[in-house]
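using only what follows, build the 3D model:
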Amino acid sequence: MPDHVHTLLEGTTDDADVLETFRVWKQTVGHAWKRRTQAPLWQTGFYDRVLRESDDTRAVVRYLLNNPVRAGLVKDAADYEWSGSSQYTFEELAEHAGRLESELVIGRPKGLQLRTAATWQA
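All right, here's what the predicted structure looks like:
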């Protein structure tokens, strides 16, 4: 997305600290951006959401993959160059998520605000 980022991180060991990992990632990227542009990267008003065991990861993955389609950046979610995973192919993610919006009639009710996991200034 041109003005925000979505990430889905999963700890793979019992002692994994996903919150600390994400905090360090945001700090590192933010500092590098500021050194390069002299402008802050992360805006206030963003939020990080922690998924619980009972949360449906399929719905989250579907939302993440469909977001560029809903934003009008691509017609098919598979065409968005910034979608990806270090663990799974796009096809595996799409299969896990279920049907993607590129396969459905796309429409968003008026006034719907999409919330983002984290945002930055473009």
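
ok, which stretches of this structure are helices?
For the chain, the helices defined by DSSP state H occupy 18-37, 57-70, 90-97.

quick one: closest of these to W82.
Closest to W82 of the helices of the chain is helix 57-70 (C-beta to C-beta; 7.8 Å). Just so you know, the C-beta spots here come from the backbone N, C-alpha and C atoms, and that holds for glycine as well.

still on that earlier bit, now distance to T12 and mean neighbour count too, for the helices of the chain, in JSON lines please.
What follows is the helices of the chain, written out as JSON lines (distance: least, C-beta to C-beta, whole Å; neighbours: other C-beta atoms under 10 Å):
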{"stretch": "helix 18-37", "distance to T12": "10", "mean neighbour count": "12"}
{"stretch": "helix 57-70", "distance to T12": "14", "mean neighbour count": "18"}
{"stretch": "helix 90-97", "distance to T12": "16", "mean neighbour count": "15"}
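
let me have these in CSV, extended by distance to L8.
Compiled in CSV, those are given as follows (distance: least, C-beta to C-beta, whole Å):
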stretch, distance to L8
helix 18-37, 10
helix 57-70, 6
helix 90-97, 10
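
any chance of JSON lines for these, columns distance to H6 and mean pLDDT?
Formatted as JSON lines, the helices of the chain follow (distance: least, C-beta to C-beta, whole Å; pLDDT from 0 to 100):
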{"stretch": "helix 18-37", "distance to H6": "12", "mean pLDDT": "90"}
{"stretch": "helix 57-70", "distance to H6": "5", "mean pLDDT": "89"}
{"stretch": "helix 90-97", "distance to H6": "13", "mean pLDDT": "86"}
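
and R58, how far is that from T44?
Look at R58 and T44: by C-beta to C-beta, to the nearest Å, they are 31 Å apart.

buried ones in stretch 76-83?
By neighbour count on 16 or more other C-beta atoms under 10 Å, the buried set for stretch 76-83 is 77, 80, 83.
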